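Q: Only the shape, not the letters, is given here:
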């Protein structure tokens, strides 16, 4: 069930991402960073977090700050 929950969530995030959702970019970045429902890919995670941060997403900005990175 745990795996199906993340697959369902990931499917919704990808749908929103395709519509240009900045929040979806941020959430997918966190998923990639932590390996939640996807393989860990820190490079892709940071790309998504930076893109969302540049779009004004406060969560992404905060997450990048915590990692000692700029957006």
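A: Looks like it arrived, so ask away. The shown structure was predicted, so the numbers you read here are calculated from the model rather than taken from an experiment.

Q: ranges for the helices of the protein?
A: Ranges of helices in the chain, per DSSP state H, are 2-18, 22-34, 42-54, 58-66.

Q: would TSV of those helices with mean pLDDT and mean neighbour count be doable?
A: C-beta coordinates here come from the backbone N, C-alpha and C atoms, glycine included. Shown next, in TSV, are those (pLDDT from 0 to 100; neighbours: other C-beta atoms under 10 Å):
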stretch	mean pLDDT	mean neighbour count
helix 2-18	81	12
helix 22-34	96	21
helix 42-54	98	19
helix 58-66	98	16
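
Q: need the contact list for residue 14.
A: 24, 28 (C-beta atoms under 8 Å, 6 or more residues apart in numbering).

Q: pretty sure residue 48 is in contact with residue 29, am I right?
A: Yes: counting by C-beta atoms under 8 Å, residue 48 touches residue 29, with 3.4 Å between them.

Q: mind listing what the nearest residue to residue 50 once chain neighbours are set aside touches?
A: In this structure, residue 50 finds its nearest non-sequential neighbour in residue 71, 4.8 Å apart by C-beta to C-beta, 6 or more residues apart in numbering. Taking C-beta under 8 Å, 6+ apart as the contact definition, residue 71 lies against 49, 50, 53, 54, 60, 61, 64.

Q: One more pass at 10 Å, please.
A: 46, 49-55, 57, 60-61, 63-65 (C-beta atoms under 10 Å, 6 or more residues apart in numbering).

Q: what's the pLDDT at it?
A: Listed pLDDT for residue 71 reads 89.

Q: same question, residue 55
A: pLDDT at residue 55 comes out at 97.

Q: Spatially nearest residue to it, not counting backbone neighbours?
A: Counting by C-beta to C-beta, 6+ apart, the residue nearest residue 55 is residue 22, at 4.1 Å.
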